[in-house]
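> sequence? don't have it. structure:
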C-alpha cells in the first residue's frame, strides 16, 4: 500500500512511500493528484532526510540505557563513564539490551544513520535490526556525545527510488531545528516503517 507523508511546514517536500522505497518526492498536491488512493499521514513541522548521529560507539557501547524496571535503582537517564563500565563488567549480557534501548532513544531524536566503529556484535545487531544506516564519521567531532549532537548532521536530499528513510520534526524550519535540537522529532521512518511516533 502506498503511503503519502506530509509535514505541515514543508508541503513542497512530501514523500510517497512504496514498501521500503520512495516512489516519489515532491509537492504534496502533485503527489496526491498522481496517487489519490494513497494513505495520507499528516505531521506537524518539517519533513527531513533524517539525522546522522556520529556518536554510535559512545551512545551504544559506552553508555548504559536503564531498563524502565530499573528506574527505582538506576533512574531513567543514560549512565556513562565508570558507572556504565561497571554495569557492563558485572553483567556483559546487559550491553545488547541497553543498545536496543539506546537505539530507541536515537529513533526518538530523528536518527536514521549512525557513525563510528561499533565493535560489539550485540550492538551491531541492535543497529542492523532497527534498520539504521551506517554512515561515515566526520574527522572532527565538535561536541560531547549526545542524542541531539551539535552540529546536527542532516543526510542528503531525499530522492525517488531511494530508501524510505526520513524524520519529521515539529519545527517551523531548519533554522529552528538547529536551535531547538533533535528532541523536536515527532516521527522517524526506516525502510518504509514508522519506527518512532511522538504523537
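Perfect, I can see it now. Since the structure is predicted, the reported quantities are computational estimates derived from the model, not experimental observations.

> tell me how far stretch 97-115 lies from the chain's centre.
6 Å (Cα atoms, centre = their mean, to the nearest Å).

> and what of stretch 102-117?
5 Å.

> just stretch 91-105 next, same as before
Using Cα atoms, centre = their mean, the offset of stretch 91-105 from its chain centre is 16 Å.

> so what touches that stretch?
With contact meaning Cβ atoms under 8 Å, 6 or more residues apart in numbering, stretch 91-105 is reached by 59-61, 63-67, 78, 87-88, 120, 122-123, 125-127, 129-130, 132, 147, 196. Any C-beta I mention is one placed from the backbone N, CA and C, and that applies to glycine too.

> contacting residues for residue 67?
For residue 67, the contact set (Cβ under 8 Å, 6+ apart) comprises 97, 101.

> what is the burial count for residue 2?
16 (other Cβ atoms under 10 Å).

> tell me the pLDDT of it.
pLDDT, residue 2: 96.

> equivalent analysis for the one 10 residues further on, please.
With respect to pLDDT, residue 12 scores 94.

> for the residue lying closest to it once chain neighbours are set aside, grab the count of nearby residues.
With Cβ to Cβ, 6 or more residues apart in numbering as the criterion, residue 12 has its nearest non-adjacent residue at 5.0 Å, and that residue is residue 27. By other Cβ under 10 Å, the residues close to residue 27 number 13.

> show me the contacts for residue 27.
11, 12, 14.

> where do the helices sit along the protein?
28-34, 56-60, 71-74, 81-90, 94-107, 121-130, 174-180 (DSSP state H).
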